[in-house]
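Participant: Below are the sequence and a predicted model for it; my questions follow.
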Amino acid sequence: NQGISLPLTDSDSGAKSSFANLKSAKLLKADAIDESDENTKNYRVTVELQYKKALTVGNGKQLWDCCMVYESPQTGWKIEGFGH
């Protein structure tokens, strides 16, 4: 499996983990916005994010689009993309 970099984590380039700067994350809402086919689903998610240090993104409510793809019965649904 390949890792996916989530821009919402706002991590420092030298951090041990991409989640090192993320203090808390709360999912407020997830709405389906598009279904290209039965193996692809797109969602608009609203999250409340708090960071230890504001680097490029500030604390508070944010909207992100998440693209999910169904790979196989063994692996299930995976995040293909996450962004604006």
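Facilitator: Arrived safely. Residues are numbered from 1 along each chain as shown.
Participant: only C-alpha atoms for contact and neighbour calcs from this point on.
Facilitator: OK.
Participant: hey, where'd the strands end up in this protein?
Facilitator: Assigned by DSSP state E, the chain shows strands spanning 22-37, 40-51, 60-72, 76-83.
Participant: Do I have it right that residue 59 meets residue 53?
Facilitator: No - using CA atoms under 8 Å, residue 59 makes no contact with residue 53, being 9.0 Å away.
Participant: can you pull the pLDDT of residue 17?
Facilitator: pLDDT for residue 17: 70.
Participant: What of the one 10 residues further on?
Facilitator: Each residue has a pLDDT score; the one for residue 27 is 94.
Participant: Might one say that residue 27 is in contact with residue 45?
Facilitator: Yes - between residue 27 and residue 45 there is a contact under CA under 8 Å: 7.4 Å.
Participant: More neighbours: which of the two?
Facilitator: Under the criterion of other CA atoms under 10 Å, the comparison of residue 27 against residue 45 puts residue 45 first, with 18 against 12.
Participant: ok, that one touching residue 63?
Facilitator: Yes - here residue 45 reaches residue 63: they are 5.7 Å apart, a contact under CA under 8 Å.
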